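# fold the following for me, if possible:
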Amino acid sequence: MLLALFSFMLVAVRIIATQRVFYGFLIFNLILAIVPFLVAFVWIAIPRLYTNKYLLLIGTAGWLLFLPNAPYLVTDFLHFKKESAMPEWFDVLMLTSFACSGLAFGFTSLATMHQMWEFRFGRKLAATCIFCGCLLSGLGVYIGRFLRYNSWDMLHKPLTLIADLPPLLFELKAIGFSIGYGVFFFLFYRIFSNQTASTHEHGN
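Prediction:
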């Protein structure tokens with residue numbers, strides 16, 4: 001949360017200094033990245049939501065719908081422009097701060113869901129769910145970045161979104177992007193989770 005506040009502060013400084021809101025979209029993107037974190041937090045805070053298999057599946061579906069918003073912030077580097085009114089180092093710092101904030105919220109929500117899946121379905125299935133969730137997040141990021149859909153579109157125009165998905169199965173760019181970002185997200189999560197586990201072991 002402190003890193004997110006720092007990111008918001010950087011955008012505020014940039015807007016004040018340049019009198020432009022060009023990077024204002026970063027705030028909205030990071031708020032969306034917090035949603036899967038909140039869903040996971042609510043589900044683990046109420047035991048009956050994750051001890052019941054069907055309620056856990058409902059929570060997983062809602063969480064997975066918003067999870068791609070977390071790694072999506074990494075792709076916001078595509079908006080970087082050298083001919084900016086601000087120093088290049090500032091914009092790089094700001095974009096990195098937002099990307100790391102999004103990943104932090106994503107990894108924390110992944111760790112929380114991982115814990116509930118292990119409790120309800122066992123370690124092996126939970127590990128498989130993590131890997132598949134990361135790959136689906138890679139696909140979700142592609143859909144958001146290049147097809148310009150967001151998580152809410154699954155609710156208010158699902159048929160249009162679903163109709164645009166089958167061609168992606170044969171599109172090399174979509175496949176490569178989804179696998180690349182999905183594996184990156186998964187490997188980074190493993191580093192995050194291993195480090196967290198190591199810290200807990202030393203603490204005990």
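
# let me see the contact set for the spatially most central residue of the chain.
Closest to where the C-alpha atoms of the chain average out (Cα atoms, centre = their mean) is Ala70, at 1.7 Å. Shown in contact with Ala70 (Cβ atoms under 8 Å, 6 or more residues apart in numbering): 33, 36-37, 102-103, 105-107, 109, 137. Every C-beta, even on glycine, is put in place using the N, C-alpha and C of the backbone.

# quick one: which helix or strand includes it?
Element membership of Ala70, judged by DSSP states H and E, is helix 69-72.

# cool, and Ser84?
With DSSP H and E as the test, Ser84 turns up in no helix or strand.

# how many other residues sit next to the spatially closest residue to it that is not a sequence neighbour?
Closest residue to Ser84 apart from its sequence neighbours, by Cβ to Cβ, 6 or more residues apart in numbering: Asp91 at 5.6 Å. For Asp91, the count of nearby residues is 21 (other Cβ atoms under 10 Å).

# roughly how far does Asp91 sit from Gly176?
27 Å (Cβ to Cβ, to the nearest Å).

# cool, and Asn29?
For Asn29, the distance to Gly176 equals 23 Å [Cβ to Cβ].

# so those two - more neighbours on which side?
Neighbour comparison, Asn29 and Gly176: the larger count goes to Asn29, with 20 against 12 (by other Cβ under 10 Å).

# quick check, the more buried one in contact with Thr75.
No - contact criterion Cβ atoms under 8 Å: Asn29 and Thr75 do not qualify, at 9.6 Å.

# give me the common contacts of the two.
Common neighbours of Asn29 and Thr75 (Cβ under 8 Å, 6+ apart) do not exist.

# show me what the worst-scoring helix or strand of the chain on mean pLDDT is packed against.
One helix or strand of the chain scores below all others by mean pLDDT, DSSP states H and E: helix 153-156, with a mean of 80. In terms of contacts (3 or more Cβ pairs under 8 Å, 6 or more residues apart in numbering; DSSP states H and E), helix 153-156 is packed against helix 158-164.

# and the helix it packs on, what's buried?
Using 16 or more other Cβ atoms under 10 Å as the test for burial, helix 158-164 gives Leu161.

# state the mean pLDDT of it.
For helix 158-164, mean pLDDT rounds to 87.

# tell me what it is packed against?
helix 153-156.

# show residues contacting the helix it packs on.
Defining contact as Cβ under 8 Å, 6+ apart, one finds that helix 153-156 is touched by 65, 160-161.

# hmm, try it at 6 Å
65, 161 (Cβ atoms under 6 Å, 6 or more residues apart in numbering).

# do the same with stretch 35-43
Identification of contacts with stretch 35-43 by Cβ under 6 Å, 6+ apart yields 49-50, 59, 62-63, 66-67, 105, 108-109, 112-113.
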